[in-house]
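Novice: Sequence first, then the predicted structure, then my questions.
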Amino acid sequence: MSAEEPAGRVPEDDTKAGRVAARNEPRIETTDPIETTDTDETTPVIQLEGVGKTYGTVRALTGIDLEVRAGEVTCVLGDNGAGKSTLIKIMAGLHEHTTGTMTVSGKPRKFGSPREAVEAGIATVYQDLALAPLMSVWRNFFLANEIRKGPLKLLDADRMKQITREELAKMGIDLPDVDRPVGSLSGGQRQCVAIARAIYFGAKVLILDEPTAALGVKQSGVVLKYVVRAANSGLGVVFITHNPHHAFLVGDHFVILKLGEMALDAARGEITVDQLTEQMAGGDELAELAHEMRDGS
Ligand SMILES: Nc1ncnc2c1ncn2[C@@H]1O[C@H](COP(=O)(O)OP(=O)(O)OP(=O)(O)O)[C@@H](O)[C@H]1O
């Protein structure tokens, strides 16, 4: 961003100056320091080329080209039925694609199970989170990865609590009592615990399935801040959403899916929030409809 363009300015009109200002607007910044990781900027962590998926006779995805890069947030937007869940399921190992190639860290892959995707460093945080609501924050943090001690392999609760506290603090998550049941946290806090857990257990890619869909404005802001932190710590983040405003606050790259196809593929500098919103709202179709209605009247 150049010095004369203030951060956070949203264009109030559709003039060229307004569009240029929005293009140069940075994604939201986090002020707290976070450890950054050196990343290989040339090879995408995940690359999809011409990926398609059919369910029997239903064609859910066609010709998807997508690059997920370390340190970047790639936003995938789309309405209901656009193919977002199918795309997540392919990258997360729940479904195999039927056409095209998926490359993970430079190697062609087709995951046979979610475990294979996790082993390849791909962590997925689903909307329903798969957290156990009655269990404490620290038990959830270490679920399926418990630290044990001694010949009887007893749970090392003290160490797990300490690590949970430290990891949440590193992300700037203010949660002093890790003994609290996860179910007592707000939706935003639960998302943040799940994000911190994925980072701690070494994910290279973090897929977030509509993390702000069920949240109010304030809690969405908190989650969006951690989305940026995850990218700043070196992860490639895939942020699935139907909200162009949330996407624009955090995204480096934007893809819009429509009826299983890519309707837009743009880097941050190539599009404004207004254009993204218009494309999501079906701007071209609406203009065509307005035209037809005018002609028909
Ligand atoms: N298991 C399935 N069997 C048959 N068709 C499916 C299956 N899963 C999804 N589809 C179809 O594939 C298309 C894409 O669906 P998908 O769930 O990926 O979209 P989406 O963008 O995630 O929508 P939503 O936001 O409503 O979850 C839809 O036409 C849907 O009906």
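Specialist: Looks like it came in fine. Residues are numbered from 1 along each chain as shown.

Novice: got the residues of the chain near the ligand?
Specialist: Neighbours of the ligand within the chain, by CB under 6 Å from any ligand atom: 55, 58, 60, 78, 80, 81, 82, 83, 84, 85, 86. The way it works is simple: take the backbone N, C-alpha and C, and place the C-beta from them, glycine included.

Novice: Just give me the closest of those to residue 137.
Specialist: Closest approach to residue 137 among those (CB to CB): residue 85, at 27.7 Å.

Novice: What about the closest one, how many residues nearby?
Specialist: As a burial measure, residue 85 scores 20 neighbours (other CB atoms under 10 Å).

Novice: With residue 274 instead?
Specialist: Counted by other CB under 10 Å, the residues lying close to residue 274 total 18.

Novice: is it true that it lies in a helix?
Specialist: Yes. Read with DSSP: H, G, I helix; E, B strand; the rest coil, residue 274 is one of the residues of a helix.

Novice: picking up where we left off before, as JSON lines, the residues of the chain next to the ligand with secondary structure, pLDDT and distance to residue 192 would be great.
Specialist: Converted to JSON lines, the residues of the chain next to the ligand look like this (DSSP: H, G, I helix; E, B strand; the rest coil; pLDDT from 0 to 100; distance: CB to CB, whole Å):
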{"residue": "55", "secondary structure": "strand", "pLDDT": "93", "distance to residue 192": "34"}
{"residue": "58", "secondary structure": "strand", "pLDDT": "92", "distance to residue 192": "36"}
{"residue": "60", "secondary structure": "strand", "pLDDT": "95", "distance to residue 192": "31"}
{"residue": "78", "secondary structure": "strand", "pLDDT": "92", "distance to residue 192": "25"}
{"residue": "80", "secondary structure": "coil", "pLDDT": "87", "distance to residue 192": "26"}
{"residue": "81", "secondary structure": "coil", "pLDDT": "88", "distance to residue 192": "29"}
{"residue": "82", "secondary structure": "coil", "pLDDT": "92", "distance to residue 192": "27"}
{"residue": "83", "secondary structure": "coil", "pLDDT": "94", "distance to residue 192": "28"}
{"residue": "84", "secondary structure": "helix", "pLDDT": "93", "distance to residue 192": "22"}
{"residue": "85", "secondary structure": "helix", "pLDDT": "92", "distance to residue 192": "23"}
{"residue": "86", "secondary structure": "helix", "pLDDT": "94", "distance to residue 192": "27"}
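
Novice: What subset of those is buried?
Specialist: 60, 78, 82, 83, 84, 85, 86 (16 or more other CB atoms under 10 Å).

Novice: which ones are touching the first one?
Specialist: For residue 60, the residues meeting the contact criterion (CB atoms under 8 Å, 6 or more residues apart in numbering) are 53, 54, 83, 86, 260.

Novice: Can you pick out the most distant pair from these?
Specialist: 54 and 83 (11.3 Å).

Novice: ok but residue 124 is inside a helix, no?
Specialist: No. Going by three-state DSSP, the assignment for residue 124 is strand, not a helix.

Novice: Isn't residue 50 up against residue 97?
Specialist: No. Because the distance of 9.4 Å does not satisfy CB atoms under 8 Å, residue 50 is recorded as not touching residue 97.

Novice: More neighbours: which of those two?
Specialist: Remark: of residue 50 and residue 97, residue 97 carries more neighbours, 22 against 12, as counted by other CB under 10 Å.

Novice: SS state for that one?
Specialist: coil.

Novice: And for residue 212?
Specialist: Under three-state DSSP, residue 212 comes out as coil.

Novice: Just give the closest residue to it, not the sequence neighbours.
Specialist: Of all residues not flanking residue 212 in the chain, residue 220 sits nearest, at 4.0 Å (CB to CB, 6 or more residues apart in numbering).

Novice: go on, residue 238?
Specialist: residue 207 is the one closest to residue 238 (CB to CB, 6+ apart), at 4.5 Å.

Novice: give me every residue that touches the spatially most central residue of the chain.
Specialist: In the chain, the C-alpha nearest the mean C-alpha coordinate belongs to residue 239, at 2.2 Å (CA atoms, centre = their mean). Going by CB under 8 Å, 6+ apart, residue 239 touches 73, 74, 75, 76, 208, 211, 227, 247, 250, 251.
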